[in-house]
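*Asks:* 3D, please:
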Amino acid sequence: MSERVLEAYNLTKRVVVLTGGTGRLGRHYSEILSEAGANVVLFDLDAEECQTFAQELSGRYRTEPMGEAVDITQKAEVFAAVESVIERYGKIDILINNAAAQQLTVLDDELYEFENFPLEVWQSNLDVNLTGAFLCCQAVGKQMVRQGGGVILNIGSVYGVVACDQRIYGNSKINSSIAYATTKSGLINFTRYLASYWQGKNIRVNCLSPGGVFNNQPEEFLNNYIHKTMLKRMAEPEDLSNALLYLVSDASKWVTGTNMMVDGGWTAW
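*Replies:* Predicted coordinates for the structure are as follows:
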C-alpha cells in the first residue's frame with residue numbers, strides 16, 4: 001500500500017473523545033482508532049471499566065489512551081471531563097458521539113405498544129442520544145474553535161432515515177423503539193446544523209448511520225432482515241469501524257455535513 005494511502009488514514013497522536021467507549025460497538029471503534037495511532041479517550045459511566053479497557057488498548061497498540069467516567073447528560077460532568085482531557089493532551093482532534101440509551105422495548109415478555117410507551121424510556125433516549133451529544137459538542141466545540149479545527153462524528157441509524165419496518169420482527173420479541181427513531185433522526189439534522197454553523201472554522205461534522213449489526217438474533221428476524229438488504233446480510237462491527245475511520249481521518253477531509261449510510265443497501269431501494 002502506498003505511503004499516500006497510509007497517511008490519509010493515519011491518526012498518530014490525534015486525540016479522540018469517544019462516548020459510549022466501552023460498549024459493544026464502542027470497543028470496536030476504539031480498536032480501529034488505536035490501530036490507526038490515535039490516543040482514545042473513553043467516556044462512559046463505569047470508571048473501572050473505562051480505565052481497564054484503556055490499559056488494554058495501551059498494551060496492544062502502544063498508544064496513550066485515557067478512561068474517564070462521565071454521565072454525558074450532566075453538563076458539569078461533561079465540561080469537567082473535557083477540561084481533564086485538555087489538561088492531559090493539550091487538544092482534542094476528534095469527537096465521536098456514539099453513546100446511546102438502552103433500547104427498552106420489552107417489559108414482562110410483552111412488547112411496548114406506542115400507545116403505552118413509558119415516558120421515562122422516551123426521556124432517557126432524549127437525554128442520552130440528543131442532549132448528551134449537544135453537551136459534548138458544546139464543550140469540545142469550544143476547544144476546536146480555539147485550536148483552529150477538528151472533526152465531529154455523530155452515530156445515527158438507518159431508523160433515523162426511514163421508518164422502522166414492523167414486518168421484520170414477527171414474534172421475535174425484539175423491536176426498535178419510537179424514542180430511538182426520533183432521536184437518531186434528530187441527530188442527523190443536528191449534524192447538518194453544526195457543519196453549517198462552524199463553516200469556515202475548519203471543523204468538519206458528519207453522521208454515520210448504520211444498519212443492523214449481527215448479534216445472534218433469532219432466525220426469524222435475521223431472515224426477514226437480510227431480505228431487506230441488497231447484500232443479504234447484517235453488518236459486522238468491522239463494516240462500521242472501517243467507515244468510521246474514513247469519516248474521522250484525512251481521507252474524508254473534504255466531507256462535511258453529510259450522513260453516510262452503511263446499511264447493506266437497505267435504504268437504496
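*Asks:* Beyond the one helix or strand Gln123 maps to, next helix or strand please.
*Replies:* Assigned by DSSP states H and E, Gln123 belongs to helix 119-125. Note on helix 119-125: by DSSP H and E, the next helix or strand toward the C-terminus is helix 133-147.
*Asks:* Direction included, what does whichever helix or strand comes after that next one pair up with?
*Replies:* Scanning forward in sequence from helix 133-147 by DSSP H and E, the next helix or strand is strand 150-155. Paired strands of strand 150-155, with direction, are strand 94-97 (parallel), strand 203-210 (parallel) (DSSP bridges).
*Asks:* angle of strand 150-155 against helix 133-147?
*Replies:* Interaxial angle, strand 150-155 versus helix 133-147 (axes from the mean of the first three to the mean of the last three Cα atoms, to 10 degrees): 170 degrees.
*Asks:* Now do the buried residues in the helix holding Gln123.
*Replies:* Buried residues in helix 119-125, counted by 16 or more other Cβ atoms under 10 Å: 121-122, 124-125. Placement of C-beta: from N, CA and C, glycine included.
*Asks:* Stretch 222-242 now?
*Replies:* Quick answer for stretch 222-242 (16+ other Cβ under 10 Å): 222, 224-226, 228-229, 234-235, 237, 239-241.
*Asks:* now do stretch 180-192
*Replies:* Buried residues in stretch 180-192, counted by 16+ other Cβ under 10 Å: 180-188, 190-192.
*Asks:* the bottom helix or strand of this structure by mean pLDDT?
*Replies:* strand 106-107 (a mean of 56; mean pLDDT, DSSP states H and E).
*Asks:* and the closest residue to Glu7 other than its chain neighbours, what does it touch?
*Replies:* Distance criterion Cβ to Cβ, 6 or more residues apart in numbering; nearest residue to Glu7, sequence neighbours excluded, is Asp250 at 7.4 Å. Residues in contact with Asp250 (Cβ atoms under 8 Å, 6 or more residues apart in numbering) are 7-10.
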